[in-house]
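**Q** Below are the sequence and a predicted model; questions follow.
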Amino acid sequence: MKSTPDPRALGVFLRARRAQLDPQQCGLPTTDTPRRVTGLRREEVATLAAISVDYYTRLEQGRVRASTPVLTTLARALRLDQDQERYLYELAGRTDDRPGRRRPVQRIRPAMRRLLGQLAHAPALVLGKHLDILAWNPTATALYTDFAAVPAHHRNYLRLIFTDPAVRGLHTKWSHDAREAVAALRMEAATDPTHPELARLVGDLTIQDADFRTWWAEHRVSSATYGTKHYRHPLVGNLTLDCDTWAANDGSGQHLMVLTAEPGSPSHDALRILASWTAQTPSTEDLNR
């Protein structure tokens, strides 16, 4: 029988760990204000983990139980190694939720695969749970990046927008597009907020990007299925594209995302140029997700 977790023990560990960290090594700005504590302050840990100071204080005091997403962001904020992370989850009584466990394989639906193969001149992606990129056509590669060269565990639409310089630089209205993607993930997260892979994605981006921390903490949600994207491509120049997504109705969480341009427009001509440069190979699918 599992023992009941002791919230006070978790608080002791959190206090001890933050006392061991150097603020500058955690990416915090230097200030002239004298530090009255060794290591990180409570408010600094809360900022890095994208949670409120009050909530983090109650965690240290053993007054609340940490959720899986919070544990994941805390593990990143406190720079825990694998043993420390496992210990953190044990103290919180959430060992079954610890990231790193193998998740069910996301396989592209046959209908999605057929649609993708029939789209020659329009960039198209199949997005799975948490905006994972499951498949793409050659024109999407020409527009965005070589998805096949991206490690499978990093092949995520939101992650690439925030962390890939080429994808980030493609968006002329990056702040708008990135914030909309965060809102879309927030909407999806409501269906399974404790999913370990969601927690890992949010934890990674929370540590790596201040804008993501701010926007994720806003709890803004969006279920928009269409919009306009503005890109500046290094080879064909400016593009104004309509972006539409269609959801599978089988509970798989998969979406087909297609980018098109008004016929006869400069953007339409640019897409045809991109399509002509790509090899006519089948869409790529990662079957080991």
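**A** Sure thing, it's come through.

**Q** And the lengthiest strand in the chain, what does it pack against?
**A** Scanning the chain for the longest strand, with DSSP state E as the assignment, gives strand 237-247. Contacting strand 237-247 under the criterion 3 or more CB pairs under 8 Å, 6 or more residues apart in numbering; DSSP states H and E are the following elements: strand 226-233, strand 255-260, helix 266-277. Where you see a C-beta, it was placed from the backbone N, CA and C, and this is true even at glycine.

**Q** Pull the distance from that strand to the chain's centre.
**A** Put simply, strand 237-247 sits 20 Å off its chain's centre (CA atoms, centre = their mean, to the nearest Å).

**Q** mean confidence score for it?
**A** For strand 237-247, mean pLDDT rounds to 95.

**Q** Output the contacting helices and strands for the helix or strand residue 186 falls within.
**A** Residue 186 is part of helix 174-189 when elements are defined by DSSP states H and E. Using 3+ CB pairs under 8 Å, 6+ apart as the contact test, the elements touching helix 174-189 are helix 157-163, helix 196-208, helix 210-217.

**Q** re earlier: highest mean neighbour count out of the helices and strands packed on strand 237-247?
**A** Of all those, strand 255-260 carries the top mean neighbour count, a mean of 20, counting by mean count of other CB atoms under 10 Å.

**Q** Tell me how far residue 12 lies from residue 146.
**A** The spacing between residue 12 and residue 146, counted by CB to CB, to the nearest Å, is 47 Å.

**Q** between these two, who's got more neighbours?
**A** Between residue 12 and residue 146, counted using other CB atoms under 10 Å, residue 12 has the larger neighbour count: 14 against 11.

**Q** and that one, what is it in contact with?
**A** Under the criterion of CB atoms under 8 Å, 6 or more residues apart in numbering, residue 12 has no neighbours.

**Q** what stretches of the stretch 51-200 of the chain score poorly on pLDDT?
**A** Across the stretch 51-200 of the chain, the ranges flagged by pLDDT under 70 are 96-105, 194.

**Q** repeat that with 80
**A** For the stretch 51-200 of the chain, the stretches with pLDDT under 80 are 95-106, 109, 111, 190-196.

**Q** what are the ranges of the strands in it?
**A** 124-127, 133-136 (DSSP state E, counting those that start in this stretch).

**Q** Residue 215 against residue 184, yeah?
**A** No: Residue 215 lies out of contact with residue 184 (CB atoms under 8 Å); the separation is 11.4 Å.

**Q** can you list contacts of the helix holding residue 186?
**A** Residues outside helix 174-189 that contact it (CB under 8 Å, 6+ apart) are 129-131, 157-158, 161-162, 168, 171, 195, 198, 201-202, 211-212, 215-216, 219-224, 227, 229, 253.
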